[in-house]
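1. Mind folding the following:
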Amino acid sequence: MAGKTINLEAGPSQTYDYDESEEEQEQNEAWDDWQSDEDEPEPGLLCLFCDSRYESSETLFYHCHSDHSFDFLSIRRVLGLDFYSSFKLINFIRSQVAVCKCWRCGLVLQCKTDLQNHVHATDGFEQSGKLPWEDDIYLKPFLVDDALLHSFAGNEDEDDDPISVDKDELMRELMSNGSVDEIRIDSKLIAEITSSELEACEKNGAREETCADANVPNGYGKIMIKEPAEDSRVPPRKQKDKQLRVSFANVAAKEIKIVNEDYFGAYGSFGIHRVMLSDKARMDAYHGALMSNPSLINQATVMDVGCGTGILSLFAAQAGASKVIAVEASAKMASLATQIAKENFLLKEVNQNSEEKAYPPGVITVAQCMIEELNNFIQVEPHSIDVLVSEWMGYCLLYESMLTSVLYARDHWLKPGGAILPDTATIFAAGFGKGGTSLPFWEDVYGFNMSCIGKEVVEDAGQVPIVDIIESRDIMTESAVVQAFDLTTMKPDDMDFTANFELKLRSGSQGEEISTDAKSQISWCYGVVLWFETGFTSRFCKEMCTLLSTSPYSPRTHWSQTILTFKEPVAMESARCTTELAKSAVVGTEHCPAAQVRCRLSIVRSSAHRSIDISMEITAISLEGRKHSYPVQIFSL
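-> Next up is the predicted model:
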């Protein structure tokens, strides 16, 4: 960045006739003259489209994304722009805005206000075509001392996800001033908040203020605060609840939109679909359910929620469905699913005007939208669907929260008594031993003991869930059912639950360490592993029911298992411990192993959209009934 420099050279001391006060006055005047030569630039980074300034490029780009429909990070990612191309893009936009010209379509507006009202989405660039900012003239900064040109590159080493609100800080801020007692942000809240409600709130005296939390980007943490009316008769608590709904409308809606864009954008990667299509257990379960149950599928109207490549829709069409509605939110995958259905002569419109082909008419219609917005794209009669199929499962079953979309489709379009595939889902748990951790690896690295690293890794794993494969030989307890779901009757709120279960050593399990008492065999439990099964039961699949399992005892799937590691391992045994020392020792230690471990597990949808929070409490119980409880552990997935 250009700036003034002052060169001070040492020289011989000199004597002056005027006094010190005159010297000080002249120095001050000289300093004032130097300052006036060049006005000091305003602090902060200047927005590309308006006069707003921000302290960081992250907050500036978020403002551009939310207020001016310009997603800098997404454009860089999609077009693969390097540093210099991004540098040119910034200068190009500034040059266009300076002459009130839309950088995207080239339309010239009357004034800057008209330009800001005109801005629109920036999709549609051809990656192979010439970009309007490729001319090297845009390597020259359009603005003198444009600080943004020196700060945007810091994002290259970071994730491309737009900055999100620190909701924990925001909650603490609101709770500290007594505005709310508890806050929850999810898609259901946003669905319930309509524009009419917001307008009504504004008419009744609501005012918009900016959140005082410094961690919330400007323009993002706006809160609607209800001014108390003198004649209000609404109880304070109800007022508070209503205020809360309005307060977080903008915050939650923007965050959910960004998460959804990133989520569905990620499914535009062919690698993800190749992994899923290569998952034999996954494909066999759905193929069997759709292709081997003609009484269910033949001449049925089928809806495929989150169709991806459209493979399940292709199965349904091939099995004899009369109509298949494939819904996919990713624009890229919806386009490809349409092309795949067309090339396989299964797209509904492909043969209507063709007399040369002798293929039967296609049955698949692809709708590019979220299922919650389906009626904005195509009209589907309420409760007109015979079979609802979806591969909605995430890690630990509930990660990604796509199940809520399936239940939404069920409630709006599935016929009474209609089939939902799969129709059951169950989460299981078991305790695992040392082999389920990385400790054995670190204990012998080319003959060297690095167990100190292994201990740190295990400690870190006590805070973050691990998605990985657990070998069946490392499972040391009996399996326990954590939670079972019936998709025909469950409600979205059933996804948040707390379950209690007990873990006991499985019969025939081999202990890892043998105590001095020959009758007692000790095994160390290092944590709990979770997996799920989904069932295509005989309720709907009359000819052939199937089961998709992600168990450690079944063939591997791309879901693997979800591993929750204890902060410290728990000693367990099946034989009675009779030594005097054991009677006073802490249960779960080597001197008094536990006969069982009681677990209390809570899984709830996180305030971070499409994520889940898991809390785990364990209590070691001896054969004599003595107990020792361990501190609760919190995991975020």
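2. Against T589, how distant is F72?
-> Between F72 and T589 the computed distance is 56 Å (CB to CB, to the nearest Å). For glycine as for every other residue, the C-beta is placed from the backbone atoms N, C-alpha and C.
3. which one of the two has more residues nearby?
-> F72 (25 against 17; other CB atoms under 10 Å).
4. which ones are touching the more buried one?
-> The contact partners of F72, by CB atoms under 8 Å, 6 or more residues apart in numbering, come to 61, 64-65, 86, 89, 152.
5. Need the single longest strand in the protein, by residues.
-> For the chain, the longest strand by residue count, based on DSSP state E, is strand 521-536.
6. list the helices and strands that one packs on?
-> helix 280-291, strand 424-432, strand 513-514, strand 546-549, strand 561-573, strand 596-605 (3 or more CB pairs under 8 Å, 6 or more residues apart in numbering; DSSP states H and E).
7. what are the pairing partners of that strand, and which direction each?
-> strand 424-432 (antiparallel), strand 513-514 (antiparallel), strand 546-549 (antiparallel), strand 561-573 (antiparallel) (DSSP bridges).
8. Please tabulate those strands in JSON lines, including the columns mean neighbour count, mean pLDDT and distance to S507.
-> Below are these laid out as JSON lines (neighbours: other CB atoms under 10 Å; pLDDT from 0 to 100; distance: least, CB to CB, whole Å):
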{"stretch": "strand 424-432", "mean neighbour count": "23", "mean pLDDT": "96", "distance to S507": "13"}
{"stretch": "strand 513-514", "mean neighbour count": "10", "mean pLDDT": "38", "distance to S507": "18"}
{"stretch": "strand 546-549", "mean neighbour count": "20", "mean pLDDT": "96", "distance to S507": "21"}
{"stretch": "strand 561-573", "mean neighbour count": "23", "mean pLDDT": "91", "distance to S507": "13"}
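9. Please identify which of those is closest to F635.
-> Closest approach to F635 among these (CB to CB): strand 561-573, 6.0 Å.
10. rewinding a little: can you redo the strands paired with strand 521-536 as a markdown table with distance to G288?
-> Formatted as a markdown table, the strands paired with strand 521-536 follow (distance: least, CB to CB, whole Å):
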| stretch | distance to G288 |
| --- | --- |
| strand 424-432 | 15 |
| strand 513-514 | 44 |
| strand 546-549 | 4 |
| strand 561-573 | 23 |
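11. Identify whichever of the helices and strands packed on strand 521-536 lies nearest to L139.
-> Once the helices and strands packed on strand 521-536 are compared by CB to CB, strand 596-605 is nearest, at 47.3 Å.
12. Pull out the buried positions in the closest one.
-> 596-599, 601, 603-605 (16 or more other CB atoms under 10 Å).
13. where does the stretch 151-300 of the chain have low pLDDT?
-> 153-271, 273 (pLDDT under 70).
14. Tell me the bridge partners for I614.
-> According to DSSP bridges, beta-bridge pairing links I614 with I603, F635.
15. Phi and psi next, for S472.
-> phi -60, psi -30 (degrees, to the nearest 10).
16. Just give me the neighbour total for it.
-> So S472, with other CB under 10 Å, has 10 neighbours.
17. Pull the contacting residues for it.
-> By CB under 8 Å, 6+ apart, the neighbours of S472 are 552-553.
18. Ignoring the adjacent residues along the chain, who's closest to M476?
-> The spatial neighbour of M476 that comes closest, neighbours along the chain excluded (CB to CB, 6 or more residues apart in numbering), is G433 at 4.5 Å.
19. What of E381?
-> Distance criterion CB to CB, 6+ apart; nearest residue to E381, sequence neighbours excluded, is W413 at 7.9 Å.
20. Might one say that the one you found is in contact with I378?
-> No: using CB atoms under 8 Å, W413 is not in contact with I378, being 11.4 Å away.
21. Counting neighbours, go ahead and name the busier of those two.
-> W413 (22 against 12).
22. where in the stretch 301-450 of the chain is pLDDT low?
-> Ranges of the stretch 301-450 of the chain meeting pLDDT under 70: 350-360, 401.
23. rerun that using 80 as the cut-off
-> 349-361, 400-401 (pLDDT under 80).
24. In it, mark out all the helices, start to finish.
-> Here the stretch 301-450 of the chain has its helices, by DSSP state H, counting those that start in this stretch, at 311-318, 331-343, 403-413, 439-443.
25. possible to save those as CSV with distance to I470?
-> Below are the helices of the stretch 301-450 of the chain laid out as CSV (distance: least, CB to CB, whole Å):
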stretch, distance to I470
helix 311-318, 28
helix 331-343, 31
helix 403-413, 24
helix 439-443, 13
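26. Out of those, flag the one nearest L45.
-> Nearest of these (CB to CB): helix 331-343, 31.0 Å.
27. which helices and strands does that closest one pack with?
-> Looks like helix 331-343 contacts helix 311-318, strand 323-328, strand 364-368 (3+ CB pairs under 8 Å, 6+ apart).
28. And it, what's buried?
-> So, applying 16+ other CB under 10 Å, buried residues of helix 331-343: 333-334, 336-338, 340-342.
29. from those, which single one is nearest R104?
-> A334 (23.1 Å).
30. shouldn't the closest one be in contact with I364?
-> No: using CB under 8 Å, A334 makes no contact with I364, being 11.8 Å away.
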